[in-house]
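# Got a predicted structure here, sequence first:
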Amino acid sequence: MSYQALQEASISTQDTGLSPHLRIAFIGGGNMASAIIRGLIKHGHRADQILVCAPSQHTRSRLVQDFNVKVHSDNSAAVAFADIIILAVKPFIVPLVCEELRPLLAPLCKQKLIVSIAAGLTHASISGRLPQHTQLVCAMPNLPSAIGKGLTGLFVPSHLDRLAFDDAEQLMRAVGDTVWLEDETQMASIVATAGSSPAYFFLFLEAMEKAAIAQGLPPKTASKAVLQSAMGAISMAMASKEGLSSLRRQVTSPKGTTEQAVLAFQHGDLDALVAKAMDSAARRAKELALG
Ligand SMILES: NC(=O)C1=CN([C@@H]2O[C@H](COP(=O)(O)OP(=O)(O)OC[C@H]3O[C@@H](n4cnc5c(N)ncnc54)[C@H](OP(=O)(O)O)[C@@H]3O)[C@@H](O)[C@H]2O)C=CC1
Ligand SMILES: O=C(O)[C@@H]1CCC=N1
């Protein structure tokens with residue numbers, strides 16, 4: 001699997017044209033559904049246009065309290081309510097949900113868009129469990145969707161017209177950027193590069209915070225120094241026309257302090273460790289595809 005392929009995918013940056021009248025249902029109301037809901041509401045989507053189906057009363061109460069969205073314990077409510085149904089359950093639950101929705105979707109499948117955000121599951125494995133001609137798009141979003149800064153990979157097989165999935169694309173664009181994948185094998189790389197990656201950055205920042213505290217900084221100062229520096233670096237990288245290496249060299253004075261830190265990372269073979277971690281995530285996505 002080559003991560004290079006992702007560079008060839010186009011990242012859209014246009015304003016979203018998400019219709020405020022679009023009714024959106026989530027099957028599952030956990031971390032990722034909540035992140036997308038938060039992003040949608042932040043973007044101005046009306047809470048009463050959003051329904052979440054989740055089995056536990058605790059989750060439903062939390063969603064009402066946090067977002068004032070509609071909630072239901074029965075997944076079939078999603079079909080009656082929504083134009084777009086997002087499958088936001090763990091991958092192994094998706095077949096059960098499809099089984100429940102299948103008879104209800106059969107007469108309506110051309111009027112509904114289904115979006116699966118389940119890591120690893122292929123388009124064919126989900127569409128095979130839904131009525132023929134169901135409009136299904138596989139999406140891989142990430143947690144920063146909660147603040148409108150997500151990145152979602154989208155895939156439909158080449159025989160389907162992407163324009164038919166405009167509403168789903170606009171929905172995901174309301175919570176961040178989107179990339180269309182040409183080839184479904186790229187989805188495992190998007191899981192490794194975008195779906196999972198916020199956790200890598202959090203892990204790295206946690207490690208920096210611990211090291212700064214160990215060196216003697218007060219925890220609040222360490223946290224502020226780490227987060228503000230990370231935000232500054234990312235904002236610069238996003239705004240700059242220069243590549244990442246060039247920006248890195250601007251910080252790294254010959255015989256200076258940064259050089260020593262960079263050498264320590266290189267002696268620890270950071271590149272190999274990152275590649276190993278991302279390969280592990282991509283491999284797990286492929287395992288999930290097999291069920
Ligand atoms: N977390 C992330 O950063 C990302 C996750 N994903 C994908 O999103 C999906 C959800 O992950 P995540 O939100 O982290 O998981 P969570 O465990 O946080 O949420 C899963 C939700 O599914 C609900 N659920 C369980 N069984 C059913 C059922 N039979 N019918 C309806 N709802 C059900 C649970 O309800 P209850 O709370 O009531 O038990 C819970 O709200 C996964 O497929 C994952 O691969 C994709 C990209 C990023
Ligand atoms: O860890 C997971 O399986 C999910 C998919 C991507 C991010 N979280």
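Noted; the coordinates are in hand. Ligands and ions are numbered 1, 2, ... in the order given.

# which bits of the stretch 1-150 of the chain sit near ligand 1?
27-33, 53-56, 59, 75, 88-91, 93, 96-97, 117-119, 140-143 (CB under 6 Å from any ligand atom). C-beta here means a position set from N, CA and C on the backbone, and glycine is covered the same way.

# which of those residues count as buried?
For those, a burial check counting by 16 or more other CB atoms under 10 Å picks out 27-29, 32-33, 53-54, 59, 75, 88-89, 91, 97, 117-119, 140-143.

# Quick check: strands, which of these are part of them?
Ile27, Cys53, Met140 (DSSP state E).

# Out of the residues you listed, flag the one nearest to Lys149.
Met140 (15.5 Å; CB to CB).

# which residues touch that closest one?
Ile117, Ala119, Thr152, Gly153, Met187, Ile190, Val191, Ala194, Gly195 (CB atoms under 8 Å, 6 or more residues apart in numbering).

# Could you tell me which of the residues you listed belong to helices?
The helices, defined by DSSP state H, take in Met187, Ile190 from the contacts of Met140.

# quick revisit: which ones, among the buried ones among the residues of the stretch 1-150 of the chain next to ligand 1, also lie beside ligand 2?
Okay, of these touching ligand 2 (CB under 6 Å from any ligand atom), that's Ala119.

# what comes up buried for whatever helix or strand Ala168 lives in?
Element membership for Ala168 (DSSP states H and E) is helix 166-173. By 16+ other CB under 10 Å, the buried positions in helix 166-173 come out as Asp167, Ala168, Glu169, Gln170, Leu171, Met172, Arg173.

# Now find how far off-centre that helix is within its chain.
Centroid displacement of helix 166-173 relative to its chain, using CA atoms, centre = their mean, to the nearest Å, is 13 Å.

# residues in contact with it?
12, 14, 16-19, 22, 24, 40, 83-84, 113, 115, 137, 139, 141, 145, 150, 152, 154, 162, 178, 180.

# redo that, cut-off 7 Å
12, 16-18, 22, 24, 83-84, 113, 115, 137, 139, 141, 152, 154, 178 (CB atoms under 7 Å, 6 or more residues apart in numbering).

# Direction included, what does the helix or strand following that helix pair up with?
Next along the chain after helix 166-173, taking DSSP H and E as the criterion, comes strand 176-180. Strand 176-180 sits in its sheet next to strand 11-12 (antiparallel), strand 150-155 (parallel), going by DSSP bridges.

# Dump the ones you listed to CSV, plus distance to Val79, mean neighbour count and mean pLDDT.
As requested, the strands paired with strand 176-180 are exported to CSV (distance: least, CB to CB, whole Å; neighbours: other CB atoms under 10 Å; pLDDT from 0 to 100):
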stretch, distance to Val79, mean neighbour count, mean pLDDT
strand 11-12, 29, 12, 40
strand 150-155, 22, 24, 98
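
# can you list these in JSON lines and add distance to ligand 2?
Listed next are the strands paired with strand 176-180 as JSON lines, based on distance: least, CB to the nearest ligand atom, whole Å:
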{"stretch": "strand 11-12", "distance to ligand 2": "19"}
{"stretch": "strand 150-155", "distance to ligand 2": "11"}
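
# which bits of the stretch 51-200 of the chain sit near ligand 2?
Ala119, Val191, Gly195, Ser196.

# Who wins on neighbours among these?
Counting neighbours by other CB atoms under 10 Å, Gly195 comes out on top of those with 27 neighbours.
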